[in-house]
Structures are given as C-alpha cells and as structure tokens.
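Visitor: Quick one, what's the 3D model for this:
(2 chains, ligands or ions: 2)
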Amino acid sequence: MSELKVIPLRPRGGGTGAAGAGLAEAEATDEINASEMRREHEDRLHRQEELIEKIEPAKLIEMLYQMILIRRFEEKAAEAYTLGKIGGFCHLYIGQEAVAVGSIAALRPDDYVMTSYRDHGHAIARGTSPDEVMAELFGRAGGCSAGKGGSMHLFDRDTNFLGGHAIVGGQIPLATGVAFASKYKGTGQVSVVYFGEAAVNQGVFHESLNMAQLWKLPCVYVCENNQYGMGTSLARAMSQQDVSQKACAYGLASEFVDGMDVLAVYDATCRAAERARKESLPSLLEVRTYRFMGHSMSDPGNYRTRAEIEKHQERDPVKVLAASLKNKGIADDAKIKEIEDRVRTEVERAVKFADESPEPAPEELFTHVYANPINVTGKP
Amino acid sequence: MAVITMREALNQALAEEMQRDENVFLMGEEVAAYQGAYKVSKGLLEKFGDKRVIDSPITELGFAGLGVGAAMVGLRPVIEFMTFNFSILATDQIINSAAKMLYMSGGQFNIPIVFRGPNGSAYQVSSQHSQALESWFAHFPGIKVVMPSTPADAKGLLKSSIRDDDPVIFLEQERMYGMKGEVPDGEDFTVPLGVADVKREGTDCTIVARSLAVPLALKAAEELEKQNVSVEVIDPRTIRPLDIETIINSVKKTNRVVIAEESHPFCGVAAEISAQIMERAFDHLDAPVKRLSGVDVPMPYARNLERLALPDVDKIVAAVREVSYM
Ligand SMILES: Cc1ncc(C[n+]2csc(CCOP(=O)(O)OP(=O)(O)O)c2C)c(N)n1
Ligand SMILES: [Mg+2]
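Guide: Ligands and ions are numbered 1, 2, ... in the order given. The predicted structure is shown next:
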C-alpha cells in the first residue's frame, strides 16, 4: 500500500496564469489573506498601467460608469428596503462591483451569465435596465421576472442573463449544462457562472468541475470569495482555504484574481473566456473580494469588526479605478462628476418606474406554471 | 401492430425522438457503452454516437443540474436515473430548479427535460432500491409525472414527454420491462399526457391503478368477474396533471372505488385521489374509498416479507369485496 502523500502548496506567484497557484502560508487566516492581498495589489498597480493602455478609454469609462451605477442602485435599494418597498431577502453587491463589471466586460453579448441570489449587479452589468431590476425588487409587473422572482431571481432572456438562483451552489451545474449546450450546438458561446466561496463546500461544485473538465465544456467558474458565508468566515468553514487550488483536483486551469481591481478581473476573464471559446476548456477564477454591507438587509453584521471592513474599504473598487483613470489622464473630476450625475438620474428614474409599475394582476398567480398547460379539469 | 416488450417500446420511443429532433440527447450512468443498466438504451450509442448518448459519472445532482441548464438554452435532455432511488440525490435540481424556473423567471425560461428510469420495487433489492417516489415529485407544481403500465402507453407517453416543453418525471418499473404488448406501428403514434385510460370497463366497482398495480388490477378484475362483480379499471397514466374527470365519471357510475398502488400510503397519490373523490363525488359513494398501498415500512429483503409488503391480486380482490360489502 502506498503512503498518503501531502502535496505541498505552491506559493502564489503574481496571481496570473498558472493553474493551482496557491497560498504559501500554513494558516490562511483572514488577516494574512488581507495583507497578502494588499501586497499583491501593489504589484498589480504597475501592471494595471499596462492594462489601462491595452483597453480602449471608452471601455474603461464604461466600466467605471457601471460600477458607480451598481453602487448607487444598491444604496437606493437599501433605502427602499428600509421604507418597506422591497420585501423578503435582499442581498446587496456593494464592495463586489468590480467582479461582475470586470468579468462581464470581457464577454460577447451572446455569452451566458448566471449567478446566485446576490444578483442585482450582474443583471445590471449584463445590460438589464435598472428600471426593470428595481421594479422586480418592488414586486411589480414591470420587473424583469414579471414580479414573480424578486431580488434573488432576476432573469433576462434578452441579455442571456440566466438568473439569480437561491440555493447555494444550485447555479453551478446549471451553467455547466448551458456550456454543454453551447458545445453541443457548436455556437462558441461561453457560459459564465458566479458563486460565493461558501458554495465551494457544496458537493455539486465538485461534481460540476469534474464534468466540465471531463467533457471539455466552455464554462468559466467565477468564485466571488468575499470571505464570508453569511456570518461564517472562510477560516471557520473550509479546511483548505485556497479555492483556486481546488481546480487541481479536476485538472482545471485556475487563477487567483484581485477582485478589488476591475481590470484584473477583466484581464483574467478575457483569458478564461478565450480558453473556453478557442479550446473549449473550463476555468476556475477565485476572485478575492469583500462585501461592505451585511449578508442581506436583515444582517446586523456583528461577526466582523468595523476595522476589518474599513481596511477593505481602503481598496474600494470604485475608488481604485477612478484613481487609476485620473492618474492616467483618462478621466478627470469633471468626467467623474458627469458620470455620478447621469447615474443619479438613472437610479431616480428606476425608482420612479418601479413605483409606477402596477402590481402583477391576480390572474398572474396561475400563469407560467407550465409552458404546455394541460387542461384536465374540463373547465375552460 | 407488433407485439414487443416494454423495454423495446421505450427504446423505440427514444430512437424515434432522437431521430426526429437533434436537440434530444440521452445522458445517464451506463446508458451508452453498457447499453443501459436495464438495456433500455440498447443500440442508441451505435446509432447516434457519443455526442448524443452520454455515459455520465455517478454524479446524480451534477448531471440532473447539467440537464436542466442545457434545457434552459434549447436542448431537450433525457436524463436516465439508473433507478429513481438515486434521483433522491438530484431532487434539489429537479424541484428547486426544473420545477420553478419558468415561474420565477416570469415565463422566460421553460425546461423541456425528461427524467426517466425505473421506480418502485424490483426483485428482493431491499430498502434502498425499492422505493416508489411518485408522490414526492407529483407534489410540486411545475413538474409533470407520467407512469405507463403497458408497452403501447410507454412508447406513446415517452414520445409525448420528450416533445413536451415542461419537465417530465417518467417513471418506469423494473418488474415490467419484460412485459409484452401490442404497440401501434408508425412514428406518429403518441399518447397524450394528462389523459387517463379505461383499461377495462365495468359497472360495480372502480379500481384506480397505475404502473405495476395495473396488471394486478386487471387480473383481480378477471377473478372478480367469476364472482359476478363487474370491475372498471382506470389507469390515470399521468399523475400530474391528474385526469380526475375520468375517475369521477367512473365513480359516479360504479359508486365504489379501490385505489391500488405500490407506494407507501402516507401522503401518497392514492390519498390525493381519495380526497378529490370525496370532494367531488361524495354523494355518489356507496362505501368509503379504499386505499390498497404498499405497506408502511421500508422494503424488506426476505422474499416472503417483500411479498407481504406489496399489493397483489388477492389483496385487490379482497379490497373490492370489502367496498362491495361482500
Ligand atoms: C443550500 C442552501 N443552504 C443554505 C442557504 C442559506 N444561505 C443563503 S446565502 C448563504 C451564505 C452563502 O455564502 P457564499 O456562498 O459565500 O455567498 P455570499 O452570500 O457571500 O455571496 C446561506 C447559508 C441557502 N440559500 N441554500
Ligand atoms: Mg461569501
């Protein structure tokens, strides 16, 4: 019988490319992760200059605009929630905007996007109008899911946004199936799926990665590692906390990405999407991020210190990009103010649209249960 | 009309629908190279290739979810569970994803998928391999549940299920794969979902039976005829949506009803049918509705105990005599 071998983790090298770049530290506490992240960010700053030069200014401005739009949208949603206009669970994306915006900017319009219940940012980044997203949160007929899905179940067929899914990990095999269909039909469409780091502990994450690599499916798995699953920190929930390393078990390519840097996310997703499109191969991106708000609107958040949150807010993804663009002379204060003004108008319009949109008609209770309803009662 | 087995009928339905629509594919454990644990997919790999007939790893939740995702974007997957006992691992994707997707997306994403495989008891395979799960799935709006009891129904209903735009749970029965029957020729033959079939007409008592219980009920009816009891046997064929109208009409005629099933009684399909009869035909009943279900215990291994746990012809005869006050 052969002895059990422990494979030593390789130190994380620069955060790009190599499959299985891993944490060097034996104990990956949140503190170590955060300081590592900062070191990495410094490295990244000069790489970011190169990236900025590679990306068209209009695209950079668009990313800044989208991040600000999502930020202000979410702030408005929080306000509407406290006013009782939004019910149920409402998970905000504040702090994580760079992940959806950077990755979706790397996609083709006909690619597919799917995510968890924390989905407002992804829907907006994908192009669903904030009006329809807000109306959905308000439970109105004009919502992108006709008022039947709510905050956790935004869907938009027009933008190939395949939904918010509220069972932790549930969207991972679904997106794998979407990638299967792309390959089956030979369309070259990439399937991108987002999930929290807590979803990595679900069996179906592992089942999906295994199938994706086995059958060479064009799927990009984006783990938004915000370091908490509700009130449970990564360190308290995961025996081996280097998520990107988990790809090794299935032979997948993986990368560790700084999720506070929208351009790093964009860059890594470009590589992963190309791998999917050209080679029909899946990738796992572990995007390290942080949510600035509670898990949902009902979370007082007393499992984290103010200091910890503030430490991450220093690297607020919106501020990071705005600063870089200013440094490079791509956007000045006037331009940023112009974006803020435009966003304010759009968010106000979204609230107005949602307020004015009617509630779903009572008959809608019974529609959309079946695509081919069968009348068995003999009644019309 | 050719006389073929249930297994062959299912195989024909799969082959014809795969021929008809290239978006149909079959995935499951051992469906391709091994030709199916029960040989239902025999010859399909050779005919359609490994793009469309796919051996999956033993990863029920994973491949069920993969199927639902593929269905969201236009494919029509047929997902085989080696047996439905293993579908229990996949229920999250069937119930939380497939059944709800159309509704929670406000009508944008329907899920045209079939989950199929053997359900219910087999031959002494004990507790974990003998479960009849129709009441689980039938509980949820958004899903259709189909249970054929003859080769013709199996073929016609499977073809309709594959063409249907909603998720269908298609429950076969291992003990019935070898059962022979006449099946109409021609690729256009289908049996509509949601329509019950009167398997035998009668005037004195109605037996509602599905799947394995149908041949038992028909034998019981023959036996009862000798005792001068005329029995009507109704097979709903589709459990959800349920063609209750046909059942009610029969009860109005016979005024007595026995519901035979191999699944457990508690919160079962017979309980539902019984409640609906009570709600809609109470005044027509001459005796309380009688349920004859599988016994309310996990399935035992020993042959004698297994027999005791399942409905059989004698038990059905006794149940009909009971409601007839004989
Ligand atoms: C299967 C399942 N278990 C539990 C829950 C309740 N729940 C919702 S979100 C959540 C935490 C998930 O954390 P993570 O995956 O890291 O995503 P994040 O919320 O941080 O974006 C839990 C426990 C659920 N929705 N689904
Ligand atoms: Mg998390």
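Visitor: List the contacts of residue B:249.
Guide: With contacts defined as C-beta atoms under 8 Å, 6 or more residues apart in numbering or on different chains, residue B:249 has no neighbours. For every residue, glycine as well, the C-beta is placed using N, CA and C.
Visitor: any idea of the mean pLDDT in whichever helix or strand it is part of?
Guide: Residue B:249 is located in helix B:244-254, with elements delineated by DSSP states H and E. The pLDDT scores in helix B:244-254 average 98.
Visitor: Report the buried residues of it.
Guide: Neighbour-count burial for helix B:244-254, counted by 16 or more other C-beta atoms under 10 Å in any protein chain shown, picks out B:244, B:246-251, B:254.
Visitor: again, but for stretch B:168-185
Guide: Residues of stretch B:168-185 classed as buried under the neighbour-count rule (16+ other C-beta under 10 Å) are B:168-177, B:179, B:181, B:183.
Visitor: What of stretch A:324-332?
Guide: A:324-325, A:330-331.
Visitor: Next: stretch B:66-74.
Guide: For stretch B:66-74, the neighbour count (16+ other C-beta under 10 Å) marks B:66-73 as buried.
Visitor: Give me the distance from the helix holding residue B:249 to the chain's centre.
Guide: Put simply, helix B:244-254 sits 21 Å off its chain's centre (C-alpha atoms, centre = their mean, to the nearest Å).
Visitor: hmm, back to that, from the buried residues of stretch B:66-74, which land in strands?
Guide: The subset of the buried residues of stretch B:66-74 located in strands under the criterion DSSP state E is empty.
Visitor: how about the buried residues of stretch B:168-185 in a markdown table, adding secondary structure, pLDDT and distance to residue B:37?
Guide: Listed next are the buried residues of stretch B:168-185 as a markdown table, based on DSSP: H, G, I helix; E, B strand; the rest coil; pLDDT from 0 to 100; distance: C-beta to C-beta, whole Å:
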| residue | secondary structure | pLDDT | distance to residue B:37 |
| --- | --- | --- | --- |
| B:168 | strand | 98 | 20 |
| B:169 | strand | 99 | 18 |
| B:170 | strand | 99 | 16 |
| B:171 | strand | 98 | 16 |
| B:172 | strand | 98 | 12 |
| B:173 | coil | 98 | 14 |
| B:174 | helix | 96 | 9 |
| B:175 | helix | 97 | 15 |
| B:176 | helix | 98 | 15 |
| B:177 | coil | 98 | 11 |
| B:179 | coil | 98 | 18 |
| B:181 | strand | 98 | 22 |
| B:183 | strand | 98 | 23 |
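Visitor: Do you have the strands of the stretch 51-200 of chain B handy? List them.
Guide: Secondary structure of the stretch 51-200 of chain B (DSSP state E, counting those that start in this stretch): strands at B:53-55, B:76-80, B:114-118, B:144-146, B:168-172, B:180-183, B:197-200.
Visitor: Point out the one among these that comes closest to residue B:238.
Guide: Checking those against residue B:238 by C-beta to C-beta gives strand B:144-146 as the closest, at 5.3 Å.
Visitor: got a list of contacts for that closest one?
Guide: A:370, A:374, B:134, B:137-138, B:157-158, B:161, B:164, B:166-171, B:193-194, B:237-241.
Visitor: Which of those are buried, as a ChimeraX select command?
Guide: Command for ChimeraX that selects the buried part of the contacts of strand B:144-146, burial taken from 16+ other C-beta under 10 Å:
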select /A:370,374 /B:134,137,138,157,158,161,164,166,167,168,169,170,171,193,194,237,238,239,240,241
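Visitor: give me the number of residues near residue 311?
Guide: By default, I'm working from chain A. Other residues near residue A:311 number 16, with proximity taken as other C-beta atoms under 10 Å in any protein chain shown.
Visitor: oops, chain B please
Guide: Residue B:311 is flanked by 22 other residues according to other C-beta under 10 Å.
Visitor: so it sits right up against residue B:290, yeah?
Guide: No: Residue B:311 sits out of contact with residue B:290 when judged by C-beta atoms under 8 Å, with a separation of 11.7 Å.
Visitor: distance between the helix or strand just after the helix holding residue B:249 and the chain's centre?
Guide: Downstream of helix B:244-254, the first helix or strand assigned by DSSP H and E is strand B:257-260. Averaging C-alpha positions (C-alpha atoms, centre = their mean) puts strand B:257-260 17 Å from its chain's average.
Visitor: May I see the buried residues of the next helix or strand after strand B:257-260?
Guide: Going down the chain from strand B:257-260, the next helix or strand is helix B:269-281, by DSSP H and E. By neighbour count with 16+ other C-beta under 10 Å, helix B:269-281 contains the buried residues B:269-274, B:277, B:281.
Visitor: List of residues touching helix B:269-281?
Guide: For helix B:269-281, contacts defined as C-beta under 8 Å, 6+ apart pick out B:134-135, B:138, B:208, B:210, B:236, B:239, B:242, B:244, B:247-248, B:251-252, B:257, B:259-261, B:263, B:265, B:285, B:289, B:291-293.
Visitor: how does it look with 7 Å?
Guide: With contacts defined as C-beta atoms under 7 Å, 6 or more residues apart in numbering or on different chains, helix B:269-281 is touched by B:134-135, B:138, B:208, B:239, B:244, B:247-248, B:251-252, B:257, B:259, B:261, B:263, B:265, B:289, B:291, B:293.
Visitor: Repeat that for stretch B:95-106.
Guide: A:145-146, A:148-149, A:153, A:155, A:163, A:167, A:170, A:174, A:368-369, A:371, B:65, B:68, B:72, B:109-111, B:113, B:140, B:142-143, B:167.
Visitor: same deal with stretch A:142-157?
Guide: Contacts to stretch A:142-157, defined as C-beta under 7 Å, 6+ apart, come from residues A:86, A:88-90, A:117, A:119-120, A:123, A:128, A:132-133, A:135-137, A:139-141, A:161-164, A:166, A:353, A:357, A:360, A:364, A:368, B:103-109.
Visitor: Quick one, which of those residues are buried?
Guide: A:86, A:89-90, A:117, A:119-120, A:123, A:128, A:132-133, A:135-137, A:139-141, A:161-164, A:166, A:353, A:357, A:360, A:368, B:103-109.
Visitor: Of those, which belong to strands?
Guide: With DSSP E as the criterion, strands contain A:161-164 from among the buried ones among the contacts of stretch A:142-157.
Visitor: Just give me the closest of those residues to residue A:280.
Guide: Closest to residue A:280 out of those is residue A:162 (19.4 Å), distances taken as C-beta to C-beta.
Visitor: how near is the closest residue to residue A:123 other than its chain neighbours to ligand 2?
Guide: Take residue A:123 and drop its neighbours on the chain: the residue closest to it by C-beta to C-beta, 6 or more residues apart in numbering or on different chains is residue A:154, 4.4 Å away. For residue A:154, the distance to ligand 2 (C-beta to the ion, to the nearest Å) stands at 19 Å.
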